[in-house]
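**Student:** what would the 3D arrangement of this be:
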Amino acid sequence: MVIRNLAIELPSNQLHQSTQIMKALDKIKLIHAMYDKPNVNKKALLIYGGSGEGKTHLLKTYQKQFKPVKTREKQTIPVFYYAIRQGKRSVDEFLKTLIAALGGPIAKGRVNSSELEHQFIILLRDLNVEIILLDEIQNLSTTYDGIVFQGIIKNLCWLIDEENIRCSIVFAGSHLAKRLMTFGSKDKKLNDNEQLSRRMLRSICLSRMPPSSKSWVSCVNWHLNQVGLPPITHFNEAEKLFIDSVYIAYLERSMSSLNDLFIQDNCINSKSIDDLLVTLESNFDTYCKGSINPFRAKNTDKVKETIRLIKIAAKKDANKKANQDAYEQVSCN
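**Tutor:** As a prediction, this is how the structure comes out:
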């Protein structure tokens, strides 16, 4: 058995390595490492969060570090990534989809589930699949009916428990994907034979960064680095306004919005932040849908007021969460 180097560092120019992202990466590495530890019970992982928070980008960037190898004798796919685009009508259809994505022959006519499961296992073993990354997993929860969804979840439980293969699964999806963790519960009681959550590590949530936080400033500086500009360090009035303006754009589609704004050829030629602002104003009109362009000079007062209101709301939310945590702590004692 070949031991791969899982102490990889994702390329800093491909992904903003926030605390949340690095925590998720460590968990993915942990799941991946289980492939080489036959005495360890396999576990799966769920990474969830709002649209644009970087889940797909993280999974695809991780996949790129373990490229498939194809020779005359053999093909290997160390990291199998698949995005579920729509609900499935049956467990068999779900398995056929995964088999086809791995390059397996598409079964014609009626094939029973046990044959499909066997084919899938053989494919995973022959291709030396070490970890499965299933993206957009929430689309399974919007499948045609609850019975089909239950059948698919049971199938995923089987896959994690299967002793004939060592690869496990990292799931990723929206907040709806958390339904995976509640499957197997009824009347607040859990059926351990069906419960998916007991087969999982603690979930990772990729959430939106608060304005003016260290993580947010780090994120802005990462994007400045991508276009060849120095980081913001002095935080004068103009720099604070720039950071806040970028945050307003970030509110639309999170990291996806920032990539649309900054990772463009016209940004590379910027000589200064003032020069970049002109380009970002144009890119916002092209790629974003907000009615107020935060990079337009006439909207400065609106940007400042919006950030002020966001900070007030964030403080209230933080206090509410602290009170809830305190209540739960007292209730448990």
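**Student:** next secondary structure after the strand or helix carrying L258?
**Tutor:** Assessed by DSSP states H and E, L258 sits inside helix 237-262. Remark: after helix 237-262, the chain's next helix or strand is helix 265-268, criterion DSSP H and E.
**Student:** name the helices or strands packed onto the helix holding L258?
**Tutor:** On a contact count with 3 or more C-beta pairs under 8 Å, 6 or more residues apart in numbering; DSSP states H and E, helix 237-262 meets helix 214-226, helix 273-287, helix 300-332. Yep, even glycine has a C-beta here, placed from its N, CA and C like the rest.
**Student:** compare the ones you listed and say which comes out lowest on pLDDT.
**Tutor:** Of all the helices and strands packed on helix 237-262, helix 300-332 carries the lowest average pLDDT, namely a mean of 71.
**Student:** hey, C-alpha coordinates of stretch 72-88 in CSV?
**Tutor:** Provided in CSV are the C-alpha atoms of stretch 72-88 (Å, rounded to 0.1, in the frame of the first residue of the first chain):
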residue,chain,number,x,y,z
ARG,A,72,-1.5,1.3,-20.3
GLU,A,73,-2.0,-1.0,-17.4
LYS,A,74,-4.1,0.9,-15.0
GLN,A,75,-6.0,4.1,-14.2
THR,A,76,-6.3,5.6,-10.7
ILE,A,77,-8.6,8.3,-9.4
PRO,A,78,-7.4,9.1,-5.8
VAL,A,79,-10.0,11.8,-5.2
PHE,A,80,-13.4,11.3,-6.8
TYR,A,81,-15.4,14.6,-6.9
TYR,A,82,-19.0,14.6,-8.0
ALA,A,83,-21.7,17.4,-7.8
ILE,A,84,-25.3,16.2,-7.5
ARG,A,85,-27.2,18.5,-9.8
GLN,A,86,-30.7,17.1,-9.3
GLY,A,87,-32.8,14.7,-7.2
LYS,A,88,-32.9,11.0,-8.1
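**Student:** so what touches it?
**Tutor:** With C-beta atoms under 8 Å, 6 or more residues apart in numbering as the test, stretch 72-88 has contacts from 4, 32, 56, 59-60, 62-63, 65-70, 94, 97-98, 101-103, 124, 127-137, 139-140, 142-144, 148, 152, 167.
**Student:** which members of those occur in helices, if any?
**Tutor:** The helices, defined by DSSP state H, take in 32, 56, 59-60, 62-63, 94, 97-98, 101, 124, 139-140, 148, 152 from the contacts of stretch 72-88.
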